[in-house]
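Visitor: I would like the atomic coordinates for the input below:
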Amino acid sequence: MNSTPENKTDATPAAQPRLNYRKASPAAVAAMSALQAVVNRSSLEKPLLELVKLRASLLNHCAFCIDMHFREARNAGESDERLYLLSAWAETSVYSPRERAALRWTDVLTQLAGHPVEDDVFAEARSQFSEEQLCELTLAIVAINGWNRFSVGFKVPPRFQG
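Guide: Numbers count the residues shown, from 1 in each chain. Prediction:
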């Protein structure tokens, strides 16, 4: 049997990244992991954090992180509907006002280049989160955008175990 992208076999070697950053720079991974540890200890709800991670990863076209965070959100009990509508979250009513504020904050901080953060976007986020929580949410967005840049830049394939 021929092995093509449309017809893969078990004998097809697993895709490899351009560079295995985990092996190339343990110090960079340790720094990112320390940042992620602070996010993981935050007071923010874990389901909210998974939505933020998945949304930023969708915006950044990060296949590795989309796959991972979609599966983690599903395993944590997130519904299929809320996951498949995440790309169009602003057009639906399946997210709470708090989630909508977090998703809008994620969108503007992830797509920051050339776009100011408008006062109304900040006001919406501030109405749903305490000052500390807003800092924690911002750090979570910083962290997932960092992980996305490693995975996209080095073309880390979904489920890579390097």
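
Visitor: what is the host helix or strand of residue 151 packed up against?
Guide: When elements are assigned from DSSP states H and E, residue 151 belongs to helix 131-153. Other elements packing on helix 131-153 under the criterion 3 or more Cβ pairs under 8 Å, 6 or more residues apart in numbering; DSSP states H and E are helix 26-40, helix 46-59, helix 63-75, helix 97-110, helix 119-128. C-beta here means a position set from N, CA and C on the backbone, and glycine is covered the same way.

Visitor: tilt between the second one and helix 63-75?
Guide: Here the directions of helix 46-59 and helix 63-75 differ by 150 degrees (axes from the mean of the first three to the mean of the last three Cα atoms, to 10 degrees).

Visitor: and helix 46-59, what's buried?
Guide: Neighbour-count burial for helix 46-59, counted by 16 or more other Cβ atoms under 10 Å, picks out 48, 49, 50, 51, 52, 53, 54, 55, 56, 57, 58, 59.

Visitor: same thing with the first one?
Guide: For helix 26-40, a neighbour-count test (16+ other Cβ under 10 Å) marks 32, 35, 36, 39 as buried.

Visitor: still on that earlier bit, which one of the helices and strands packed on helix 131-153 lies closest to residue 150?
Guide: For the helices and strands packed on helix 131-153, proximity to residue 150 was assessed by Cβ to Cβ; helix 26-40 is nearest, at 7.3 Å.

Visitor: output the lowest mean pLDDT helix or strand found in this structure.
Guide: Across the helices and strands of the chain, mean pLDDT, DSSP states H and E gives its lowest value to helix 21-24, namely a mean of 92.

Visitor: and that helix, how far out from the chain middle?
Guide: Centroid separation for helix 21-24 versus its chain: 20 Å, with Cα atoms, centre = their mean, to the nearest Å.

Visitor: for it, packing partners?
Guide: Looks like helix 21-24 contacts helix 26-40 (3+ Cβ pairs under 8 Å, 6+ apart).
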